[in-house]
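heads up, no residue letters with this:
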């Protein structure tokens with residue numbers, strides 16, 4: 001990762017009209033479907049496009065630190081996201097005046113072949129992505145589940161996200177290596193206080209849905225209540241009894 005900032009992105013070639021749906025990083029299935037109902041009737045035939053990758057599953061790993069005053073910092077990565085940046089060239093009913101040269105996100109990555117058995121894939125991938133993206137060394141066994149999986153855009157994609165968290169203690173002395181691709185050539189690692197990070201998501205300063213979900217789940221798992229800026233064990237007994245972790249588990253991935 002180089003210590004430079006992005007100036008702009010140039011579209012060198014648009015290959016859309018010459019490419020088929022089954023090539024490239026994203027594959028597009030153009031289907032015609034029909035619903036079959038329990039009473040024997042059917043719907044009319046309708047079109048459905050599905051965007052997918054070779055692996056449709058990804059892991060979202062939120063990394064955190066807690067100091068002696070119990071303040072929680074989360075480790076985010078400044079990422080280059082061309083699809084968001086290139087919105088500036090589209091025409092909307094209401095103009096989007098924001099210039100998305102970068103996006104702050106939690107660590108995340110597509111689960112790849114070779115990551116291990118099914119029960120180990122998510123923790124293994126989280127460990128690899130933490131090292132690549134922010135230079136943080138966390139063993140797979142030190143990642144914990146942040147509840148069940150979620151579909152970020154079920155109307156157009158079959159992608160499924162699995163959430164986990166890990167305590168960040170050991171960092172590489174060198175800058176994080178990235179994955180070797182141009183989208184990870186620039187960027188930086190950012191430490192943000194958890195409550196502030198959630199607020200920035202709500203103000204669209206961190207406009208990434210998976211990041212907001214991961215941060216809220218982390219707060220829940222740690223027993224931290226961001227609206228009150230306190231922990232569950234700091235509440236009066238009468239309020240503590242009414243608190244629920246909403247089904248999150250703290251077991252290993």
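It's in. Because the structure is a prediction, the values reported are computed rather than measured.

quick one, what contacts the nearest residue to residue 172 once chain neighbours are set aside?
Of all residues beyond its chain neighbours, the one nearest residue 172 is residue 135 (4.0 Å), with distances taken as CB to CB, 6 or more residues apart in numbering. C-betas here are computed from N, CA, C, even on glycine. Counting by CB atoms under 8 Å, 6 or more residues apart in numbering, residue 135 makes contact with 171-172, 174-177, 189.

Return the members of those classed as buried.
176, 189 (16 or more other CB atoms under 10 Å).

tell me the pLDDT at the residue nearest to residue 172?
pLDDT recorded at residue 135 is 94.

Quick one: end-to-end distance for stretch 227-246.
With CA to CA, to the nearest Å applied, stretch 227-246 spans 16 Å between its terminal residues.

what comes into contact with that stretch?
Here stretch 227-246 makes contact (CB under 8 Å, 6+ apart) with 70, 147, 195, 220-225.

Out of the residues you listed, which sit inside strands?
Judged by DSSP state E, those include 224-225 as members of strands.

For the contacts of stretch 227-246, please prepare CSV with the additional fields pLDDT, neighbour count and distance to residue 105.
Converted to CSV, the contacts of stretch 227-246 look like this (pLDDT from 0 to 100; neighbours: other CB atoms under 10 Å; distance: CB to CB, whole Å):
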residue, pLDDT, neighbour count, distance to residue 105
70, 93, 12, 25
147, 92, 18, 19
195, 97, 18, 18
220, 94, 20, 20
221, 93, 22, 19
222, 94, 19, 20
223, 92, 15, 25
224, 94, 21, 21
225, 93, 17, 24
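
Among the contacts of stretch 227-246, pick out the one closest to residue 107, please.
For the contacts of stretch 227-246, the minimum distance to residue 107 (CB to CB) is 16.1 Å, reached by residue 221.

Show me which positions of the lengthiest helix in the chain end up buried.
For the chain, the longest helix by residue count, based on DSSP state H, is helix 118-134. Across helix 118-134, burial judged by 16+ other CB under 10 Å covers 121-134.

Give me the next element, helix or strand, following it.
Next along the chain after helix 118-134, taking DSSP states H and E as the criterion, comes strand 136-137.
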